[in-house]
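Enquirer: The following block contains a protein sequence and its predicted model.
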Amino acid sequence: MPDELPLAAARGPLTLEPAPVSPAIEVADDAERVRGAYARRQSGHRYDWDQPGQLFMMQALERQLLGALRRHHCLPLGKRRILEVGCGSGHFLRELIKWGAEPANLVGLDLLEARLVQARPRTPAGVALLQGNAAAMDFADGAFDVVLQMTMFTSILSAAVRRQVAAEMLRVVAPGGWIVWYDLRVNNPRNPDVRAVRAAEIRALFPGATIHLETATLAPPLARTLAPRASWLCSLLAQVRLLRTHYLGFIQAPSPTPLRPESSHA
């Protein structure tokens, strides 16, 4: 009789499964990737306010965002505690002040200290500008009435980190409060450092929340090409849903379910 095969050989070749990556390591890896992406990025002058395409897109977004804030009863902003996650150079924090928010009620959080260095001299005193990771925020539960993210999520490529950041946003917003979302709904084939967030993924990221999504922003290549020559044509094309590349979303955090009074029996 032939000798018995060793157990491993009898079962076929040994296949090694990759060890699972811990959430902390995945968060750290994604953060390092974002730092590298921003270090490589050279925006040139395309985001300057004297560029007609940039001006058209930002003014259109301002009108749409203010209209949505009004419809969802977020105005006036004066007493609302507001956090912007991924605040960058602080543009939208300054817009909120222009729309009536109190600087002392505003907090901006960004992963990159270099972006906050740009924000601090431009942003009014009283606004708290903090360096930190949105996947592990050092704020109390329900600390804010409104939490914004404006084109931050598409820079997160890891699905696990996206879920963790969304959970943190839901944690720090007050019950019944709003998460304001503005981000790409279609991929940018020229930028491998971002990945679109589709409607189905947004709904999966915020379970139990009430979600209102509307398309926004004429495709930037069209706006930048056409606005210097025919801003009226940009306004016309912006009405076509297929040509709008972003979602503007208002995501309402679940409110606690009130306890039912116990029935009394005579």
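Expert: Ah, there it is.
Enquirer: and the longest helix seen in the chain, which residues are buried?
Expert: The single longest helix within the chain, with elements called by DSSP state H, is helix 52-71. Residues of helix 52-71 classed as buried by neighbour count (16 or more other C-beta atoms under 10 Å): 52-54, 56-58, 60-61, 64-65, 68-69. C-beta coordinates here come from the backbone N, C-alpha and C atoms, glycine included.
Enquirer: Now for residue 247, how many residues are close by?
Expert: 21 (other C-beta atoms under 10 Å).
Enquirer: circling back to that earlier point, by contact count, what packs against the longest helix of the chain?
Expert: Under the contact criterion of 3 or more C-beta pairs under 8 Å, 6 or more residues apart in numbering; DSSP states H and E, helix 52-71 touches strand 173-184, strand 210-218, helix 220-226, helix 231-237, strand 244-252.
Enquirer: could you give the mean pLDDT of the first one?
Expert: Spelled out, it's strand 173-184. Mean per-residue pLDDT for strand 173-184: 98.
Enquirer: Over to stretch 107-117?
Expert: 96.
Enquirer: do stretch 251-264 as well
Expert: Rounded mean pLDDT across stretch 251-264 is 72.
Enquirer: before we move on, what about stretch 70-87?
Expert: 97.
Enquirer: can you pull the buried residues of that stretch?
Expert: For stretch 70-87, by 16+ other C-beta under 10 Å, it's 74, 77, 80-87.
Enquirer: Let's have the buried residues of helix 52-71 in CSV, adding distance to residue 118.
Expert: Compiled in CSV, the buried residues of helix 52-71 are given as follows (distance: C-beta to C-beta, whole Å):
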residue, distance to residue 118
52, 24
53, 22
54, 17
56, 24
57, 20
58, 17
60, 24
61, 20
64, 26
65, 22
68, 27
69, 26
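Enquirer: returning to that earlier point: let's have the helices and strands packed on helix 52-71 in TSV, adding distance to residue 122.
Expert: As requested, the helices and strands packed on helix 52-71 are exported to TSV (distance: least, C-beta to C-beta, whole Å):
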stretch	distance to residue 122
strand 173-184	20
strand 210-218	23
helix 220-226	23
helix 231-237	27
strand 244-252	24
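Enquirer: Nearest to residue 193 among the ones you listed would be which one?
Expert: Closest approach to residue 193 among the helices and strands packed on helix 52-71 (C-beta to C-beta): strand 173-184, 11.8 Å.
Enquirer: which residues are contacting the longest helix of the chain?
Expert: 46-49, 75, 77, 95, 99, 180, 182, 212, 214, 216-218, 220, 223-228, 231, 234, 238, 248, 250 (C-beta atoms under 8 Å, 6 or more residues apart in numbering).
Enquirer: remind me which residues of the stretch 151-266 of the chain are low pLDDT?
Expert: Applying pLDDT under 70 to the stretch 151-266 of the chain flags residues 257-266.
Enquirer: could you pull out the strands for the chain?
Expert: 82-85, 106-110, 128-131, 144-150, 173-184, 210-218, 244-252 (DSSP state E).
Enquirer: Residue 185 touches residue 215, doesn't it?
Expert: Yes. With contact defined as C-beta atoms under 8 Å, residue 185 counts as touching residue 215 (7.0 Å).
Enquirer: intersection of neighbour lists for the two?
Expert: Joint contacts of residue 185 and residue 215 (C-beta under 8 Å, 6+ apart) are 246-247.
Enquirer: Compare these two (neighbour count), which wins?
Expert: residue 185 (21 against 17).
Enquirer: Who are the contact partners of the more buried one?
Expert: Contacts of residue 185 (C-beta under 8 Å, 6+ apart): 196-199, 215, 245-247.
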